[in-house]
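**Q** This is a predicted model, with the sequence first.
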Amino acid sequence: MEKLLYVLWRPLDSTPEQFRGELLERSSHLFLEMGARAVSVNVSDDQSAFADHLRITQLETSPSATLSLWLDTHLARGPFEHELAGASARLAGYLVLESVPIVNTEHPVDGAGRIPGLCTVAFLQKPAHMDYEHWRDRWQNHHTHVAIETQSTFLYIQNVVVRALVPDAPPWTAIVEECFPKEAATDPMVFYDARGSDEKLRANQRRMFESCQTFIDFPTLESHPMSSYVVKAVQP
């Protein structure tokens, strides 16, 4: 089974809520009928708007959503891409290798399948001066522990890009999905898991920033607040 991650841009004639509804409708019915083993959706909508001030973007038009498909083989992706292309203004697709350093065990989805709180989706591009293995080592073998120890994340998904699946896809090297309590969007104490301590807040902020500097190419960084929906979870 392989994970395919599609980055989607909302059509200009669609509202965020209409776009969300379109993606969830296709995911929960058509895509499962077409053979998807699991589906999840992250989308900028009215329920993530409270965190719009956290958005970081360098693009003229920001991505509106990501949709993850688990298929027996990426060779069967054609019909899914056709449907997604019909629902979006633009799409970029990637075959990814998923790692989940933090599994969500404490915050069940609501009746609509939404994970409570805030999901940030970050698109990372390897700095040009770093070779790939050094970059990956700094991110996964070093930064992962810092991120877990300095933030209130309750779901942490690292998607390492294996290769792009469509032409003209942005040259991202990884796509990261992180879920936080809603309060983290407006309270640094919560975001950095400082538990009321100014000293711990400063220490966690410093550790996080210093670690990010070792592997993030900030001029190309994209980070977008979204709502996260689990249409059908991956079965063990």
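**A** Thanks, I have the structure now.
**Q** what does the longest helix belonging to the chain rub up against?
**A** The longest helix of the chain (DSSP state H) is helix 198-212. Residues from elsewhere that reach helix 198-212 (Cβ atoms under 8 Å, 6 or more residues apart in numbering): His142, His143, Val146, Ala147, Glu149, Thr150, Gln151, Pro188, Met189, Tyr192, Asp193, Ala194. To be clear about C-beta, it is placed using only N, CA and C from the backbone, and glycine gets the same treatment.
**Q** can we see that at 10 Å?
**A** 138-139, 142-147, 149-152, 188-189, 191-195, 197, 216, 218, 221 (Cβ atoms under 10 Å, 6 or more residues apart in numbering).
**Q** With stretch 125-142 instead?
**A** Against stretch 125-142 from outside (Cβ under 10 Å, 6+ apart): 58, 99, 101, 124, 143, 147, 158, 160-161, 170-174, 176, 211-222.
**Q** residues of it that come out buried?
**A** Gln125, Lys126, Pro127, Met130, Trp135, Arg136, Arg138, Trp139, Gln140 (16 or more other Cβ atoms under 10 Å).
**Q** Which of the helices or strands spans the residue nearest to Thr153 when sequence neighbours are not counted?
**A** Distances taken as Cβ to Cβ, 6 or more residues apart in numbering put Glu178 closest to Thr153, at 5.0 Å, once the chain neighbours are dropped. Following DSSP states H and E, one finds Glu178 within strand 174-180.
**Q** Distance from that strand to the middle of the chain?
**A** 4 Å (Cα atoms, centre = their mean, to the nearest Å).
**Q** what's the following helix or strand after that strand?
**A** Next along from strand 174-180, by DSSP H and E: helix 188-191.
**Q** so what secondary structure elements neighbour that following helix?
**A** helix 198-212 (3 or more Cβ pairs under 10 Å, 6 or more residues apart in numbering; DSSP states H and E).
**Q** CA atoms of the helix or strand following the helix it packs on as CSV?
**A** Where DSSP H and E defines the elements, the next helix or strand beyond helix 198-212 is strand 222-232. The C-alpha trace of strand 222-232 is given here as CSV (Å, rounded to 0.1, in the frame of the first residue of the first chain):
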residue,chain,number,x,y,z
GLU,A,222,4.9,27.4,3.2
SER,A,223,2.8,26.8,6.4
HIS,A,224,-1.0,26.9,6.3
PRO,A,225,-3.6,26.5,9.1
MET,A,226,-6.3,24.1,8.1
SER,A,227,-9.0,21.8,9.4
SER,A,228,-8.1,18.1,9.4
TYR,A,229,-10.7,15.5,8.4
VAL,A,230,-10.3,11.7,8.6
VAL,A,231,-12.7,10.2,6.0
LYS,A,232,-11.4,6.6,6.6
